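**Student:** how would this look folded up:
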Amino acid sequence: MADYTLVNLREVEDLAPRFGYSPGLESRFARGALGLEKSGLSYFRVAPGFRIPFGHRHHQQEEVYLVVSGGARIKVGEEIVELRPFDALRVPPEAERAFEAGPDGAEIVAFGAPSTDGNDAEMLRDWWTD
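**Tutor:** Next comes the predicted model:
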């Protein structure tokens, strides 16, 4: 029998309410649910115009953000990048980043590697200013 794990990302626990970001944001981190050992996978559903109120960067983990529906803007360092459905953006570990949804909201899947068990992210409060 093949060794695999099947998880519906919309059924993974939404952690956004725990941190006061609901209803503007859903954050579903599937690394544990999938039993991933060398990578990470997250699903974000972002309400129209909602801006993630902090940035972050990593020391080791490279990430790819894939817009599944809607549109978003992501600030990488000092540059703003517009994303539309099926745009995939690679961000190196040390680059500061945060995103906001466009007028139609956004569904975004994030892939990261290597897996760092959540100990690699540095949160950047009050980082994204207009």
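
**Student:** Could you pull up the contacting residues of the spatially most central residue of the chain?
**Tutor:** With distances taken as Cα atoms, centre = their mean, residue 110 lies nearest the centre of the chain, 4.7 Å away. Taking Cβ atoms under 8 Å, 6 or more residues apart in numbering as the contact definition, residue 110 lies against 40-44, 63-66. In short, each C-beta sits where N, CA and C put it, glycine included.

**Student:** Filter those down to the buried ones, PyMOL style.
**Tutor:** The following PyMOL line selects those of the contacts of residue 110 that are buried, judged by 16 or more other Cβ atoms under 10 Å:
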select buried, resi 40+41+42+43+44+63+65
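
**Student:** Which single one of the contacts of residue 110 is nearest to residue 22?
**Tutor:** Within the set of these, residue 44 lies nearest residue 22; the separation is 12.2 Å, counting by Cβ to Cβ.

**Student:** Find me the pLDDT at that closest one, would you?
**Tutor:** Looking at residue 44, its pLDDT is 97.

**Student:** That one against residue 107, yeah?
**Tutor:** Yes. Residue 44 lies in contact with residue 107 (Cβ atoms under 8 Å); the separation is 7.3 Å.

**Student:** Can I get the contacts of residue 110 in JSON lines including distance to residue 11?
**Tutor:** Compiled in JSON lines, the contacts of residue 110 are given as follows (distance: Cβ to Cβ, whole Å):
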{"residue": "40", "distance to residue 11": "17"}
{"residue": "41", "distance to residue 11": "13"}
{"residue": "42", "distance to residue 11": "14"}
{"residue": "43", "distance to residue 11": "10"}
{"residue": "44", "distance to residue 11": "15"}
{"residue": "63", "distance to residue 11": "22"}
{"residue": "64", "distance to residue 11": "22"}
{"residue": "65", "distance to residue 11": "21"}
{"residue": "66", "distance to residue 11": "19"}
